[in-house]
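**Student:** Provided below for reference: sequence and predicted model.
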Amino acid sequence: MLARHESCFPVPPPGLPSLLWPLIEGCMALDPADRPTATAVGKRLADVESGLADLPALASLDPDELTWWLRSPGPASGVASVDRQVTWVPVHAAPVSPAGGTPA
């Protein structure tokens with residue numbers, strides 16, 4: 001679990017209220033110094049409590065549900081990046097005739 005925390009970053013589960021995600025993400029910061037204090041978490045939860053009161057509980061995640069993305073080796077930019085290079089291969093294609101049959 002610790003290795004996953006270091007090499008990946010979490011993805012919010014489907015249906016999670018958007019006002020909660022920044023708090024959860026902050027609590028999961030890699031550097032403990034970047035995480036909010038317990039007092040700050042309590043205050044933030046109190047601030048959003050009224051907006052969450054009437055919301056249903058989230059459904060259980062499917063075992064195949066994506067809950068993390070790999071971190072890139074460079075500094076985080078807030079945008080996922082692809083670390084793999086793509087080599088384009090030219091493909092020669094012949095014109096395609098319309099499907100057979102009688103026109104309507």
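**Tutor:** In hand now; what should we look at?
**Student:** Flag every buried residue along stretch 29-48.
**Tutor:** Neighbour counts using 16 or more other Cβ atoms under 10 Å place residue 44 of stretch 29-48 among the buried residues. (Each C-beta comes from the backbone N, C-alpha and C, glycine too.)
**Student:** List of residues touching that stretch?
**Tutor:** 5-6, 17, 19-20, 23, 26-28 (Cβ atoms under 8 Å, 6 or more residues apart in numbering).
**Student:** What's the per-residue pLDDT of the residue nearest to residue 59 when sequence neighbours are not counted here?
**Tutor:** The shortest distance from residue 59 to any non-neighbouring residue, by Cβ to Cβ, 6 or more residues apart in numbering, is to residue 15 (6.8 Å). pLDDT for residue 15: 84.
**Student:** now residue 44
**Tutor:** 93.
**Student:** Let's verify it: helix, strand, or coil?
**Tutor:** Look at residue 44: counting by DSSP: H, G, I helix; E, B strand; the rest coil, its state is helix.
**Student:** which stretches of this structure form helices?
**Tutor:** Counting by DSSP state H, the chain has helices at residues 2-7, 21-27, 38-52.
**Student:** Just send those helices back as CSV, with distance to residue 67 too.
**Tutor:** As requested, the helices of the chain are arranged in CSV below (distance: least, Cβ to Cβ, whole Å):
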stretch, distance to residue 67
helix 2-7, 9
helix 21-27, 12
helix 38-52, 21
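**Student:** now the strands for this structure?
**Tutor:** Remark: strands assigned in the chain by DSSP state E are 8-10, 68-70.
**Student:** Of these, flag the one that's most buried.
**Tutor:** strand 8-10 (a mean of 15; mean count of other Cβ atoms under 10 Å).
**Student:** Tell me the strands beside that one, with direction?
**Tutor:** Strand 8-10 has its sheet partners listed here by DSSP bridges as strand 68-70 (antiparallel).
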